[in-house]
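Engineer: any chance you can model this:
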Amino acid sequence: MKPAILEVRNVTKAFGGLIAVKDVSLTQYQGEILGLIGPNGAGKTTLFNVINGVYKPTSGEVIFEGQKISGLPPYEVVRRGLARTHQIVKPLNEMTVLENVTVGACFGPQNLPLEAAQEVAAEVIEFTGLGKYADVLAGKLNIALKKRLEVARALAAKPRLLLLDEVLAGLNPSEVAKMLDVIRAIRDQGISILMIEHIMQAIMSLSDRIVVLNFGEKLAEGSPDEVANDPQVIEAYLGDPEMAKRILEEEEA
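Structural biologist: Residues are numbered from 1 along each chain as shown. Presented below is the predicted three-dimensional model:
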């Protein structure tokens, strides 16, 4: 087993009387893709927001590469080597694709000056298939390209751990396939990935392991096969045993 890159230890996040995440623990290992699934409202994005510093945990802690990061602001977290995308894309609409990705490169662990950040950004937009859109204003891109831009901007920070929040949502099958290729290529570079996704066939085929949240608590954890066949997961999320069976058959095919 490779060393842990991320440890979430007994994290709870409450908003007044509402407990969005309750006593959740998980470990992510270097180089793996860890899937995070669960019904809408299960606490997945809230947990992401705790991990990358948007929220301070009510209790518990987040450890990244052996150092406690919970309580640090997001700009400090990304400086440590942990970047993320957002479920709702947030491009800088009046800036070009290259300028957007350059912003991401400026805020990574290397603290790059502008010229070096532009060089990194140019490499990243080629890697993510955005090269021909380098001079296009981000606001003019369609949703599939904006999703890819969101990934490119985070990737330009040169993270060792990348958090992907529903980067496949709203894409058609062809666009999903292209994004899956990008995600696999990122993993092949040695970057660990923690991803939230609702497209079950995609998350099952990509992930080394899967964690399931339900009502803010960890419901299950294991390999895609183990999770898809877990009766509690089937009841809470997958819907019925036949759906789980179809997902597994499609994955194996």
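
Engineer: quick one: low-confidence ranges for the stretch 1-150 of the chain?
Structural biologist: Within the stretch 1-150 of the chain, the ranges that satisfy pLDDT under 70 run 1.

Engineer: helix, strand or coil for residue 198?
Structural biologist: Three-state call for residue 198 (DSSP: H, G, I helix; E, B strand; the rest coil): coil.

Engineer: please save the CA atoms from stretch 179-189 in CSV.
Structural biologist: Output of stretch 179-189 as CSV, limited to C-alpha atoms (Å, rounded to 0.1, in the frame of the first residue of the first chain):
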residue,chain,number,x,y,z
MET,A,179,-13.2,14.2,-19.9
LEU,A,180,-12.5,10.7,-18.7
ASP,A,181,-9.5,10.6,-20.9
VAL,A,182,-8.2,13.8,-19.4
ILE,A,183,-8.8,12.5,-15.8
ARG,A,184,-6.9,9.2,-16.6
ALA,A,185,-4.0,11.2,-18.1
ILE,A,186,-3.9,13.4,-15.0
ARG,A,187,-3.7,10.2,-12.8
ASP,A,188,-1.0,8.8,-15.1
GLN,A,189,1.1,11.9,-14.2
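
Engineer: which parts of it are buried?
Structural biologist: Judged by neighbour count (16 or more other C-beta atoms under 10 Å), stretch 179-189 contains these buried residues: 179-180, 182-183, 186-187. Yep, even glycine has a C-beta here, placed from its N, CA and C like the rest.

Engineer: same check, this time on stretch 198-210
Structural biologist: So stretch 198-210, judged by 16+ other C-beta under 10 Å, has buried residues 199-200, 202-204, 206-207, 209-210.

Engineer: list the contacts of it.
Structural biologist: By C-beta atoms under 8 Å, 6 or more residues apart in numbering, the surrounding residues in contact with stretch 198-210 are 32-37, 166, 168-169, 176, 180, 183-184, 195, 197, 220-224, 227-228, 238, 247-248, 250-251.

Engineer: just give the number of residues close to the nearest residue to residue 204 once chain neighbours are set aside.
Structural biologist: Spatial nearest neighbour of residue 204, excluding adjacent residues (C-beta to C-beta, 6 or more residues apart in numbering): residue 224 at 4.3 Å. Residue 224: 20 surrounding residues under other C-beta atoms under 10 Å.

Engineer: how about residue 79?
Structural biologist: 17.

Engineer: got the contact list for it?
Structural biologist: 107-109, 111.

Engineer: still on that earlier bit, widest-spaced pair of the buried residues of stretch 179-189?
Structural biologist: Distance extremes for the buried residues of stretch 179-189: the farthest pair is 179 and 187 at 12.9 Å, using C-beta to C-beta.

Engineer: joint contacts of those two?
Structural biologist: In contact with both residue 179 and residue 187: no residue, using C-beta under 8 Å, 6+ apart.

Engineer: hang on, the earlier thing: just the buried subset of the contacts of residue 79, written out for ChimeraX, thanks.
Structural biologist: Of those, the buried ones can be selected in ChimeraX as follows, counting by 16+ other C-beta under 10 Å:
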select :107,108
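
Engineer: among the contacts of residue 79, which pair sits farthest apart?
Structural biologist: Every pair of these checked by C-beta to C-beta; the farthest is 107 and 109, at 9.1 Å.

Engineer: common neighbours of the two, please.
Structural biologist: 78-79, 157.

Engineer: can you tell me which of those residues lies nearest to residue 143?
Structural biologist: residue 157 (22.5 Å).

Engineer: chain neighbours aside, what residue packs nearest to that closest one?
Structural biologist: Leaving out its chain neighbours, residue 157 is closest to residue 108 (C-beta to C-beta, 6+ apart), at 3.5 Å.
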